[in-house]
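1. Here is a sequence with its predicted model. Questions after.
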4 protein chains.
Amino acid sequence: MKIALMNEFSQAAKNPIVLEQLQAVGHEQGHDIFNVGMNGDNDHRLTYIHLGIIASLLLNSKAVDFVVSGCGTGQGALISLNAYPGVACGYCIDPSDAFLFAQINNGNALALPFAKGFGWGAELNIKYIFEKAFGGERGQGYPTERKESQVTNAGILNQVKLATAKSFLDGLKSLDPELIKTAVGGERFQQCFFENCQDDKIAAFVHPFV
Amino acid sequence: MKIALMNEFSQAAKNPIVLEQLQAVGHEQGHDIFNVGMNGDNDHRLTYIHLGIIASLLLNSKAVDFVVSGCGTGQGALISLNAYPGVACGYCIDPSDAFLFAQINNGNALALPFAKGFGWGAELNIKYIFEKAFGGERGQGYPTERKESQVTNAGILNQVKLATAKSFLDGLKSLDPELIKTAVGGERFQQCFFENCQDDKIAAFVHPFV
Amino acid sequence: MKIALMNEFSQAAKNPIVLEQLQAVGHEQGHDIFNVGMNGDNDHRLTYIHLGIIASLLLNSKAVDFVVSGCGTGQGALISLNAYPGVACGYCIDPSDAFLFAQINNGNALALPFAKGFGWGAELNIKYIFEKAFGGERGQGYPTERKESQVTNAGILNQVKLATAKSFLDGLKSLDPELIKTAVGGERFQQCFFENCQDDKIAAFVHPFV
Amino acid sequence: MKIALMNEFSQAAKNPIVLEQLQAVGHEQGHDIFNVGMNGDNDHRLTYIHLGIIASLLLNSKAVDFVVSGCGTGQGALISLNAYPGVACGYCIDPSDAFLFAQINNGNALALPFAKGFGWGAELNIKYIFEKAFGGERGQGYPTERKESQVTNAGILNQVKLATAKSFLDGLKSLDPELIKTAVGGERFQQCFFENCQDDKIAAFVHPFV
């Protein structure tokens, strides 16, 4: 899988710690990791609002397969990412959350708390979360005998999101353009997005902002 | 506050346990509690998909001020509720999550895991979560000196959700009508909704389905 | 109750945060709080080994009724305190742990993780833990209909500890005297101990070390 | 390693679930697993008091290298096991607890909560805990640059326990013989103990009770 990590300003200083764990697990499991948000306190400033924008761009354009996001408690990132069609973002504090979300909900994003509960040794928990989030085949249900009904509901949920939302690009066009401009302003985001984007219309939408 | 509790089929048997705690805290803190989902295994069958519909109806019509929802892990309810404009649903596993969400994000719904991690004594944790979710004034920021920026971001997030979504009723009209019919079919939901709804257009939309 | 808080060197910097929460809850619930360990990085240096010594002195002499201890993960303090007869120390990461330990085990000490999991907002969790640990009558069982068997087992456990241990003072005399000297060297410990000690033999044992 | 699992009466019904996970991890990592407590509700009745006795027998006689115990909250087992010299029992609710305890404290027992927090999917968490508790070399410190001081303190802690306790057999002889008789009465315990015991005096002590 192609997995993008994105941190906002309040926990930007933790990006190297989280990235290290994600890269270690990605290396072991054969995933490509992209670090597309802030990587330190002095970086291009993003809030969880911007994370929602870049996560939805990466996922809807199939530039990446999965997004790892978060903020202080994770709740802002969680709601922000889920505001977009094509994004199904779960919340995760331990490895079994990660496994269950992968098997039952088979969403394409996680929001993690990078400050709340993130004490000494938190890099271990983050690593174990990644191990269980990205190891093995996803969407197999848990327990497996409930796979069919779980997959059905996950599919209905995606349809509901498409029904209640404007088309992805119409939604973006309704946003304050300043939000988009800031969101897509980072060099690492742009590289990941333009090199992997598989949707010309979404690429064409982003171009004027960079 | 008016607070609605809603359980889906997989954890319907736990509704009485959760309701008891919510009523106890509501009684102590002066909130009105409405039990609008399933209250047992033999009840009118709802999935987390239906919870999103009834939560969004209750919140957008101001029939209630807050919704407590959940499912096995809580993730399905979480994404389902957040699919609607006017709903900002957080995820919560301990009392400090509840407090921080109330102060920082000031959303209007919670999704709780009613199976995962819900072992012996879980009714205590649920009670303590409710105590901290609904006690005291919300939206004061945490720590309080960050209130201004936190309130600003929460406001932008609500705007983003309005921008990316169709109008609430247009979204509902895009859903499979069978989903809505099932969602609003419960007697306790209907009573709560019609007695407290403050929006004639939303009431008019629901009427044909009951 | 008289409650003593004690921190060791690795988390000494967090003592003011924890003390503030304990004092707030103590004030609300009518307990007296004593801060008998380190209160900063430059303080008289104690490890979790020393915490076991001073906790056992305070509890066996009835100088205090309850001890709140901890270390990085809490495990070192936990085992260290439980090494002594007259000390029954539980481990606690959330408010319901604290309540259940008070009702079921009715021990007289807690070990808390002050680094692991101790992230942003951890002072809230600590406060809620104290609220549930020290509010209301202890030893009432949970659920209350199991009180009798739970109280019986807690009583047997105390007897087992007395059976497997030397007498408290004989045990202390078997320790390296340097450990005791360092353990009791703090001014705040000495004040709490000598002003509240209700056992002349234990006081006489400590005197030569100060 | 030789690892013994022991459940008491209140959570005896969960023994097969826990055993399955422990065996799976043991198989993968090359450990031998012994199931020495209750394995169902109708089994030879043990409380957490008895678990302390059989854990201390197995560990002090080097019949096994590690004990996995627990009870409803885990606190009773925790204090009961730690009542004996030669036993250093930690408490663990997530995989990183298990890893940190192995690396920092390098104890020889764990107490787990088998009711509190043990909801749906708990077998996953238990499995992940075992993976991190028993994978790789123990006692390496965390972070590794603190190994020396952590190993030193763990060694002092073991000495403290030996100093405060009677000799192991003198302690056992001070217990109510009925407790020992019940504790050692199980067939699976006896098989594990007598086939693996490496201490003739301890074996001679146990013989009259079986």
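-> Noted; the coordinates are in hand. Numbers count the residues shown, from 1 in each chain, chains lettered A, B, ... in the order given.

2. Tell me where chain A has helices.
-> Under the criterion DSSP state H, chain A carries helices at the ranges A:15-29, A:48-60, A:75-82, A:95-100, A:122-134, A:147-164, A:168-173, A:177-183, A:187-196, A:200-206.

3. quick one: is the longest one near chain B?
-> Translated: helix A:147-164. Yes: counting by CB under 8 Å from any CB of the partner chain, chain B is contacted by helix A:147-164 at A:153-154, A:156-157, A:159-161, A:163-164. Where you see a C-beta, it was placed from the backbone N, CA and C, and this is true even at glycine.

4. what about A:Gly141, neighbour count?
-> 16 (other CB atoms under 10 Å in any protein chain shown).

5. Spatially nearest residue to it, not counting backbone neighbours?
-> Excluding its sequence neighbours, the residue lying closest to A:Gly141 (CB to CB, 6 or more residues apart in numbering or on different chains) is A:Lys147, at 2.7 Å.

6. what do you get for A:Gly90?
-> A:Gly90's closest residue in space is A:Phe101 (CB to CB, 6+ apart), at 4.1 Å.

7. Quick check, the one you found in contact with A:Cys89.
-> No: A:Phe101 is not in contact with A:Cys89 according to CB atoms under 8 Å; the separation is 9.6 Å.

8. list residues touching both of these two?
-> Common contacts of A:Phe101 and A:Cys89 (CB atoms under 8 Å, 6 or more residues apart in numbering or on different chains): A:107, A:110.

9. more crowded one of these two?
-> Set A:Phe101 next to A:Cys89 and count neighbours by other CB under 10 Å: A:Cys89 wins out with 33 against 26.

10. got the contact list for the more buried one?
-> A:55, A:67, A:69, A:77-78, A:81-82, A:107-111, B:79.

11. can you tell me how far the residue nearest to A:Gly141 sits from chain C?
-> Distance from A:Lys147 to chain C, counting by CB to the nearest CB, to the nearest Å: 32 Å.

12. Wait, that residue touches A:Glu137, no?
-> No: the criterion here is CB under 8 Å, and A:Lys147 misses it with A:Glu137 at 11.2 Å.

13. Those two: who's more crowded?
-> Using other CB under 10 Å as the criterion, A:Lys147 and A:Glu137 rank with A:Lys147 on top: 15 against 7.

14. one step back: tabulate the residues of helix A:147-164 next to chain B (TSV), appending pLDDT, neighbour count and distance to chain C.
-> Compiled in TSV, the residues of helix A:147-164 next to chain B are given as follows (pLDDT from 0 to 100; neighbours: other CB atoms under 10 Å in any protein chain shown; distance: CB to the nearest CB, whole Å):
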residue	pLDDT	neighbour count	distance to chain C
A:Asn153	97	19	30
A:Ala154	97	20	30
A:Ile156	98	17	34
A:Leu157	98	21	30
A:Gln159	97	14	37
A:Val160	98	23	33
A:Lys161	98	24	30
A:Ala163	98	18	36
A:Thr164	98	24	32
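
15. which residues touch the residue nearest the centre of chain A?
-> In chain A, the residue lying closest to the centroid (CA atoms, centre = their mean) is A:Val67, at 2.3 Å. Contacts for A:Val67 (CB under 8 Å, 6+ apart) come out as A:3-6, A:55, A:58-59, A:81, A:87, A:89, A:108-110.

16. repeat that for 10 Å
-> Contacts for A:Val67 were tallied using CB atoms under 10 Å, 6 or more residues apart in numbering or on different chains; they are A:2-6, A:34, A:36-37, A:51-52, A:54-56, A:58-59, A:77, A:81, A:87, A:89, A:107-111.

17. now do A:Leu46
-> Applying CB under 10 Å, 6+ apart, we find A:Leu46 in contact with A:6-10, A:12, A:36-38, A:53-54, A:71, A:182-183, A:185-186, A:189.

18. How much space separates it from chain C?
-> From A:Leu46 to chain C the distance is 19 Å (CB to the nearest CB).

19. what's the span of stretch A:180-198, first residue to last?
-> By CA to CA, to the nearest Å, the extent of stretch A:180-198 from end to end equals 19 Å.

20. just how off-centre is that stretch within its chain?
-> From the chain centre to the centre of stretch A:180-198 is a distance of 14 Å (CA atoms, centre = their mean, to the nearest Å).

21. List the buried residues for stretch A:166-182?
-> For stretch A:166-182, the neighbour count (16 or more other CB atoms under 10 Å in any protein chain shown) marks A:166, A:168, A:171-172, A:175, A:179-180, A:182 as buried.

22. For A:Thr47, give me its contacts.
-> A:8-10, A:71, A:76-77, A:80, A:179, A:182-183, B:149, B:152-153, B:156-157.

23. Chain D contacts on chain A?
-> Within reach of chain D by CB under 10 Å from any CB of the partner chain, chain A has these residues: A:93-100, A:103-104, A:120-129, A:131-132, A:142-143.

24. Give me the nearest residue to A:Met1, chain neighbours excluded.
-> A:Asp65 (4.2 Å).

25. Next, give phi and psi for the one you found.
-> phi -100, psi -20 (degrees, to the nearest 10).

26. okay, now the residue lying closest to A:Tyr48 once chain neighbours are set aside: neighbour count?
-> Leaving aside its sequence neighbours, A:Tyr48 sits nearest to A:Gly76 (CB to CB, 6+ apart; 3.7 Å). A:Gly76: 30 surrounding residues under other CB under 10 Å.

27. How about A:Glu148?
-> Neighbour count for A:Glu148, taken as other CB under 10 Å: 10.
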